[in-house]
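> generate a structure from the sequence data that follows.
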Amino acid sequence: MINSILIVDDSPISRKIVRKCLPKDREFELFEAGDGLAGLEKFKEVGPDVVFLDLTMPVMDGFQALKEIKKHNKDAVVIVQTADVQLRTISDVMDSGAFTLLRKPLSVEAVAEVLRQVEDSLRNKG
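Reported below is the predicted structural model:
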């Protein structure tokens with residue numbers, strides 16, 4: 001069951017879009033960070049069930065943040081969100097341990113589906 005979500009994106013508008021795409025029939029404890037380093041620190045502090053992570057950010061980019069999050073918790077569920085959907089980017093992200101990659105701009109349907117997949121995956125592990 002997903003209870004807490006961390007949204008890491010340097011764009012306040014992008015963070016707002018993620019919040020708006022979350023299912024309205026559920027309540028999540030939400031946390032936010034504006035760059036990869038702040039996101040990593042917030043991840044360590046709150047241990048969210050799911051992380052939505054942008055790739056292109058200042059201070060620490062999403063690739064670095066993903067690797068550091070996975071070092072801290074190899075089972076972390078990280079959903080990368082990006083406008084960069086080149087095959088190389090997708091491959092690098094998945095090889096680094098992301099749960100999946102969603103193309104920006106996000107849609108309500110895509111977010112609902114990926115959260116369903118995460119919960120299915122968590123149930124199967126448990």
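> contacts for the lowest-mean-pLDDT helix or strand in the chain, please.
Lowest mean confidence among the helices and strands of the chain (mean pLDDT, DSSP states H and E): helix 87-95, at a mean of 90. Here helix 87-95 makes contact (Cβ atoms under 8 Å, 6 or more residues apart in numbering) with 55, 63, 66, 80, 82, 100-101. For glycine as for every other residue, the C-beta is placed from the backbone atoms N, C-alpha and C.
> between all of those, which two are separated the most?
F63 and T100 (15.4 Å; Cβ to Cβ).
> ok, now which ones touch the most centrally placed residue in the chain?
Centroid-nearest residue in the chain, with Cα atoms, centre = their mean: F52, separated by 1.8 Å. By Cβ under 8 Å, 6+ apart, the contact list for F52 reads 5-9, 18, 79, 81.
> follow-up on the earlier one: got TSV for the contacts of helix 87-95, with secondary structure and pLDDT too?
Below are the contacts of helix 87-95 laid out as TSV (DSSP: H, G, I helix; E, B strand; the rest coil; pLDDT from 0 to 100):
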residue	secondary structure	pLDDT
L55	coil	92
F63	helix	93
L66	helix	97
V80	strand	96
T82	strand	89
T100	strand	95
L101	strand	94
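> looking at these, which is nearest P48?
The shortest approach to P48 among the contacts of helix 87-95 belongs to L66, at 14.0 Å (Cβ to Cβ).
> in space, what's closest to that closest one - neighbours in sequence excluded?
S96 (5.0 Å; Cβ to Cβ, 6 or more residues apart in numbering).
> so that neighbour makes contact with A65?
No: the pair S96 / A65 is not scored as a contact, 9.9 Å apart, by Cβ atoms under 8 Å.
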